[in-house]
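Trainee: Sequence plus predicted model, see below.
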Amino acid sequence: MARMTQEELYMREAIRLAKKAAALKEVPIGCVIVHDGKIIGRGYNRRTIDKNVLAHAEIIAMRKACRVLGDWRLEECTMYVTLEPCPMCAGAIVQARVPKVVMACMNPKAGCAGSVLDMFHEDRFNHQVETEVGLMGDICSQMLKDFFKELREEGKRKKKEAEAREAGRYEETGAGVSGDHDSHDPVYKSTDGTRTE
């Protein structure tokens, strides 16, 4: 097995953080910020659990890095993040003067480093950001696909359970049949082969 490069080790740490987000049922995105070869900021998505729209991986990592450096500027840092930043995070990265961002995979629905918009290479801004894409991208892309697949399946399970409960209430009050459903009830056995977008 080939030895990991230093950049891969940084991204692996971002992936570890993304998995912490997934364990909280947050979108699995992780981020680290490196200065002089040392990680000075770590973050992972906590938006839902913190009930805070600002609690994205990149914002959390930047806040920690700024605290370590004692400055709002992150001019000699590199950010490693598992997914292309959203508009809010991309704007903050530009504002913090981060010189380089390494992204594992792109975000075609909300990415602002080239997918939907390119805020990192906008000549009218007073700062542009160097970007690198694809480092451990397959791993991060699959992690996101698995997360959203599980989310869809959980949504289907909850819908079926709600339908089963509603059917049970109907049977108890209107049909004269017991509302109890055992493990052989087709409501619980059926599988949904509908779209998997």
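Mentor: Thanks, I have the structure now.
Trainee: I'd say Ala113 and Cys105 touch.
Mentor: No - contact between Ala113 and Cys105 fails when scored by Cβ atoms under 8 Å: they sit 11.2 Å apart. From N, CA and C alone the C-beta is placed, and that goes for glycine too.
Trainee: Give the residues shared as contacts by the two.
Mentor: Common neighbours of Ala113 and Cys105, using Cβ atoms under 8 Å, 6 or more residues apart in numbering, are Glu84.
Trainee: Have a look at these two and say which one is more surrounded.
Mentor: Set Ala113 next to Cys105 and count neighbours by other Cβ atoms under 10 Å: Ala113 wins out with 25 against 22.
Trainee: State the distance from Lys38 to Ala14.
Mentor: Separation of Lys38 from Ala14 (Cβ to Cβ, to the nearest Å) stands at 15 Å.
Trainee: Have a look at the two and say which one is more surrounded.
Mentor: The neighbour count for Lys38 versus Ala14, taken as other Cβ under 10 Å, is higher for Ala14 (30 against 8).
Trainee: pLDDT weak spots in the protein?
Mentor: Residue ranges of the chain with pLDDT under 70: 1, 171-197.
Trainee: any chance you could map the strands in it?
Mentor: For the chain, the strands defined by DSSP state E occupy 30-35, 38-44, 77-83, 100-105, 130-133.
Trainee: hmm, who's touching the first one?
Mentor: With contact meaning Cβ under 8 Å, 6+ apart, strand 30-35 is reached by 10, 13-21, 39-45, 57-58, 60-62, 64-65, 68-69, 74, 76-82, 98.
Trainee: Can you turn the buried part of the residues you listed into a PyMOL selection?
Mentor: Here is the PyMOL command that selects the buried residues among the contacts of strand 30-35 (16 or more other Cβ atoms under 10 Å):
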select buried, resi 10+13+14+15+17+18+20+21+39+40+41+42+43+44+45+57+58+60+61+62+64+65+69+74+77+78+79+80+81+82+98
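Trainee: contacting residues for the nearest residue to Lys19 once chain neighbours are set aside?
Mentor: Distances taken as Cβ to Cβ, 6 or more residues apart in numbering put Pro28 closest to Lys19, at 6.4 Å, once the chain neighbours are dropped. Going by Cβ under 8 Å, 6+ apart, Pro28 touches Ala18, Lys19, Ala21, Ala22, Tyr44, Asn45, Thr82, Met143, Leu144, Phe147.
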